[in-house]
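> Okay, predicted coordinates and the sequence, questions at the end:
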Amino acid sequence: MIAMIQVVAGIIFDSKGRFLLARRPVGKVYEGFWEFPGGKIEKNEIASEALIRELQEELGITPKKMQSWVQKKFRYPHGDVCIEFFKVSDWTGELKPLENQKLHWQKLKCLDVAPVLEPNIPILKSLHLPDSYLITNLQYLGEAQFFENLSNAVTQAPQFIQVREKNLSLSELEAFTKDVLSVCRSSGSKVFLNSHIDLGVKLGVDGIHLNSMQLKTMTHRPDFELCAGSCHNKGDLERVDALGLDFAVLSPVKLTSSHPGETPLGWETFNTLIDGVNTPIYALGGLSADDLKDAWAYGAVGTAMLRGAW
């Protein structure tokens, strides 16, 4: 059995919020393809040391602020590769191409170079996403406490928030969603409505979140700015790829009181299921903010939380 090739890549952000892409030079495998700078981890190196060395060799810079982020596995003809992506927000040295590669500072959400090396595609789709996807929990908290917590959350930073309240009537859900929108809009947060497409259109929510049954029957992506979906197996994950959704959740990762009869996937199975999926995936089910680093390590873009969110 051939050992997994361990690789690091740096997502380097400048002061304008742009990130750096490098084009592989003539003579290299996959010449002409765009990717994040980086390379193989050498013997006796840890990932962070490898990234520092690679960026010094390729770009002439030394990272000062770097954060380990998502790990992704990919199968090339020459072998299986595991790439650990780091976010780099500050560095010393004059950034310049030292290996005949072309460089491009890219804005979020509007890719204007091609072709991109395939393992980088889901990462590009993930860069604008927050670390956590918050799911409303009115029944557990009560109205006053929920809206106090919601206001605190969106004041700290823009959030992605899914309105999911199965116990409310349609009229109650409409009123509740309006109240959530009124709290969130001024902060730049994005509000998703679970499954109710017509109501979402009526209220002008930012996104729709499709349940797993909708994924099985939907023939095209709904006409919203953002679309997400709920997955429980490989078939669901294949559907979110086919529909071109912005992201999805995969659950349950751990035991959860909201679905007490379901067997949790565990992190290893979670990681296996999302292998080869191009849609960014959040981990969901029994998680808290303390699980974020595990989520990244097993390939998730972040954590989705119900009770843990508030």
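Cool, the structure landed.
> Now do the same contact list for Lys293.
Contact analysis of Lys293 by C-beta atoms under 8 Å, 6 or more residues apart in numbering lists Ser68. In short, each C-beta sits where N, CA and C put it, glycine included.
> Whichever strand or helix holds it: which residues count as buried?
According to DSSP states H and E, Lys293 maps onto helix 292-297. The neighbour-count check on helix 292-297 (16 or more other C-beta atoms under 10 Å) flags 292, 295-296 as buried.
> Now pLDDT and distance to Glu94 too, for those, in TSV please.
Below are the buried residues of helix 292-297 laid out as TSV (pLDDT from 0 to 100; distance: C-beta to C-beta, whole Å):
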residue	pLDDT	distance to Glu94
Leu292	96	34
Ala295	96	36
Trp296	95	31
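> circling back: any idea how far the helix holding Lys293 is from the middle of the chain?
11 Å (C-alpha atoms, centre = their mean, to the nearest Å).
> and that helix, C-alpha only, in PDB?
What follows is helix 292-297 as a C-alpha-only set of coordinates in PDB (Å, rounded to 0.1, in the frame of the first residue of the first chain):
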ATOM      1  CA  LEU A 292     -14.200  23.400  15.600                       C
ATOM      2  CA  LYS A 293     -10.500  22.300  15.300                       C
ATOM      3  CA  ASP A 294     -11.600  18.600  15.000                       C
ATOM      4  CA  ALA A 295     -14.100  19.600  12.300                       C
ATOM      5  CA  TRP A 296     -11.300  21.300  10.300                       C
ATOM      6  CA  ALA A 297      -9.000  18.400  10.800                       C
END
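> Surely Ala289 touches Ala304?
No: between Ala289 and Ala304 there is no contact, the gap being 11.8 Å when judged by C-beta atoms under 8 Å.
> more neighbours, those two?
Higher neighbour count among Ala289 and Ala304: Ala304, with 29 against 11, using other C-beta atoms under 10 Å.
> Next SSE downstream of the helix or strand hosting Phe192?
In the assignment (DSSP H and E), Phe192 maps to strand 190-194. Tracing the chain past strand 190-194, the next element assigned as helix or strand by DSSP H and E is helix 197-203.
> Alright, calling it a day.
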